[in-house]
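A.B. asks: Sharing a model prediction with you, sequence too.
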Amino acid sequence: MVSQGQRPLASILLFLNLIMYLIVAVIAGWAINYGIEETPHAVSTSPVTRLFPIYYPIGNLATGFFVIFSLIAGVVGVATSLTGLLDVIQWNPCSLLSAAASSIITWALTLLAMGLACKEISISLRPPSLRTLETLTIILSGTQLLCTGTLNAGATATTAHEHFAGRC
């Protein structure tokens with residue numbers, strides 16, 4: 001089967017994305033926890049809390065939105081990578097089509113977080129923990145695009161070689 005050559009590449013990309021999405025979720029979770037713990041100390045003096053209920057003393061005005069969307073992208077990315085690995089092991093048209101669809105959704109969420117990361121970068125300097133989160137988010141937008149392309153190509157090739165009747 002022609003699409004079998006894409007199987008190792010898809011597995012490697014899914015495993016790499018799994019590790020990076022785990023790191024993104026951990027760092028974003030830490031940033032949210034830090035913001036929640038520091039909010040009571042800064043609420044009385046900051047007008048920023050009117051815009052976003054969690055105050056982030058470690059970043060700028062875009063930090064709150066960036067951290068929330070990074071956490072969402074990280075959690076969805078972990079789930080997509082785990083189910084994608086299982087779907088690649090099965091390597092049939094139905095499983096590859098579902099992996100490709102969830103991969104597109106994860107890529108869209110990662111692009112949203114990447115856009116907020118770019119906005120945060122353009123506003124001002126940030127501490128190393130947020131720079132790490134921004135860097136990983138930007139890298140993940142590229143690797144998730146490659147993974148999405150590989151899964152879609154595998155699904156197309158598998159569907160073309162097997163006469164897929166719409167039933168799984």
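C.D. replies: Alright, I've got the coordinates.
A.B. asks: The longest helix along the chain packs against which elements?
C.D. replies: Looking across the chain with DSSP state H, the single longest helix is helix 6-42. In terms of contacts (3 or more CB pairs under 8 Å, 6 or more residues apart in numbering; DSSP states H and E), helix 6-42 is packed against helix 63-90, helix 128-161. The C-beta positions use only the backbone N, C-alpha and C, and glycine is treated the same way.
A.B. asks: Could you check the angle the shortest one makes with helix 128-161?
C.D. replies: Meaning helix 63-90. Angle of helix 63-90 versus helix 128-161, following axes from the mean of the first three to the mean of the last three CA atoms, to 10 degrees, is 30 degrees.
A.B. asks: Could you pull out the buried residues of helix 63-90?
C.D. replies: 63-78, 80-81, 83-85, 87-88 (16 or more other CB atoms under 10 Å).
A.B. asks: re earlier: from the chain's centroid, how far away is the longest helix of the chain?
C.D. replies: 8 Å (CA atoms, centre = their mean, to the nearest Å).
A.B. asks: buried ones in it?
C.D. replies: Those buried within helix 6-42 under the rule 16+ other CB under 10 Å are 6-7, 9-10, 13-14, 16-18, 20-21, 24-25, 27-28, 31-32, 34-35, 39.
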